[in-house]
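**Student:** Coordinates for the following, if possible.
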Amino acid sequence: MATITEVAPDTFRISIFAPNINLQFNHFLVRDEQPLLVHAGYRRMFPELREAVASLIDPARLRWVGFSHFESDECGALNHWLEAAPSAQPVCSFVGATVSVDDFAIRPARGMHQGEILETGKYRYRFCSTAHLPHGWDAGVFFEERHSTLLCSDLFFQDGDVEPLTEQDVVGRARKALIDSQAGPLGNSVPYTPMTEAILHGLADLAPRTLAAMHGSTYVGDGAAALRSLAVVLRDTFDYQSWSMKAAVSAK
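**Tutor:** Now for the predicted structure:
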């Protein structure tokens, strides 16, 4: 069963837990004049997700379906939503629209550039380009300016069926999940580039009060400090991995 939690005014976290991989998939519905769904979800989860959305709005009213990057859990069911909502349009990065979404989707996407604003009525969403963070070069996130909510995709990734909202340490959880994942078949999902730290500090400068994570609890508190701490975690994790690889090569 999907669980629904209002994590910010008019912003509803719709969570579906997959016990076989011990992971939550969180989708965020913004109830406004032009409703916005962030994360279209997997195709196989569409019936359950649609039922949850229908408890909040008429799904046919959806105007925007947004996501960070082109990946099945972010936009696998995109065309199902476009069929259910005749006026809906995908919204993502310009790169994502150009190289993937406009070929995949049944209607063209609105491709967003750094700093561009998406207005849904009461709310304004600033698009922040985050190339290669958390994953592909098309990545980006949305920042709601009125209540300072950052819809941050796979940043602050957490394992388990955790609580919807927390004021506790999500950076520690993300660090553990990141380190644990490196040894598994889905490891090395987050690349570390010369831009990573600057991107995270740029997001921190927005001073978010809510960090709406796709996997795990939504964090309420000092989002700027959490983002800067995450930058340190990523730097230290990948510096350690680089040192380990060099040491292994030297030992040979």
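
**Student:** Any chance you could list what contacts stretch 58-67?
**Tutor:** 34-40, 50, 53, 74-75, 78, 81-82, 84-92, 96, 110, 118, 120, 125, 142, 151, 153 (C-beta atoms under 8 Å, 6 or more residues apart in numbering). Just so you know, the C-beta spots here come from the backbone N, C-alpha and C atoms, and that holds for glycine as well.

**Student:** I'd like the list of these that fall within strands, please.
**Tutor:** Applying DSSP state E to those, the entries found in strands are Leu36, Leu37, Val38, Gln89, Pro90, Val91, Cys92, Arg110, Leu118, Tyr125, Phe142, Leu151.

**Student:** Excluding chain neighbours, what is closest to the fifth one?
**Tutor:** Counting by C-beta to C-beta, 6 or more residues apart in numbering, Ala109 is the residue found nearest to Pro90 once chain neighbours are left out, at 3.8 Å.

**Student:** Any chance of the ones in strands among the contacts of stretch 58-67 in CSV with neighbour count, pLDDT and distance to Gly202 as columns?
**Tutor:** Formatted as CSV, the entries for these read as follows, by neighbours: other C-beta atoms under 10 Å; pLDDT from 0 to 100; distance: C-beta to C-beta, whole Å:
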residue, neighbour count, pLDDT, distance to Gly202
Leu36, 26, 98, 22
Leu37, 28, 98, 25
Val38, 25, 98, 20
Gln89, 17, 98, 27
Pro90, 26, 98, 24
Val91, 26, 98, 20
Cys92, 30, 98, 19
Arg110, 16, 98, 22
Leu118, 19, 98, 18
Tyr125, 25, 98, 16
Phe142, 26, 98, 14
Leu151, 29, 98, 16
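
**Student:** now the residues you listed in TSV, with distance to Phe70?
**Tutor:** Formatted as TSV, the entries for the ones in strands among the contacts of stretch 58-67 read as follows, by distance: C-beta to C-beta, whole Å:
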residue	distance to Phe70
Leu36	18
Leu37	16
Val38	14
Gln89	16
Pro90	10
Val91	13
Cys92	8
Arg110	15
Leu118	18
Tyr125	19
Phe142	16
Leu151	16
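
**Student:** where do the helices sit along the protein?
**Tutor:** According to DSSP state H, the chain carries its helices in the segments 46-54, 72-75, 78-84, 94-96, 102-104, 170-182, 196-204, 223-251.

**Student:** Can I get the first one as PDB, trimmed to CA atoms?
**Tutor:** When you say that, I think you mean helix 46-54. Taking Å, rounded to 0.1, in the frame of the first residue of the first chain, the C-alpha atoms of helix 46-54 are listed here in PDB:
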ATOM      1  CA  PHE A  46       1.500   3.000 -11.900                       C
ATOM      2  CA  PRO A  47      -1.900   1.500 -10.800                       C
ATOM      3  CA  GLU A  48      -1.000   1.900  -7.100                       C
ATOM      4  CA  LEU A  49       0.500   5.300  -7.600                       C
ATOM      5  CA  ARG A  50      -2.500   6.500  -9.700                       C
ATOM      6  CA  GLU A  51      -4.900   5.400  -6.900                       C
ATOM      7  CA  ALA A  52      -2.900   7.400  -4.400                       C
ATOM      8  CA  VAL A  53      -2.900  10.500  -6.600                       C
ATOM      9  CA  ALA A  54      -6.600  10.100  -7.100                       C
END
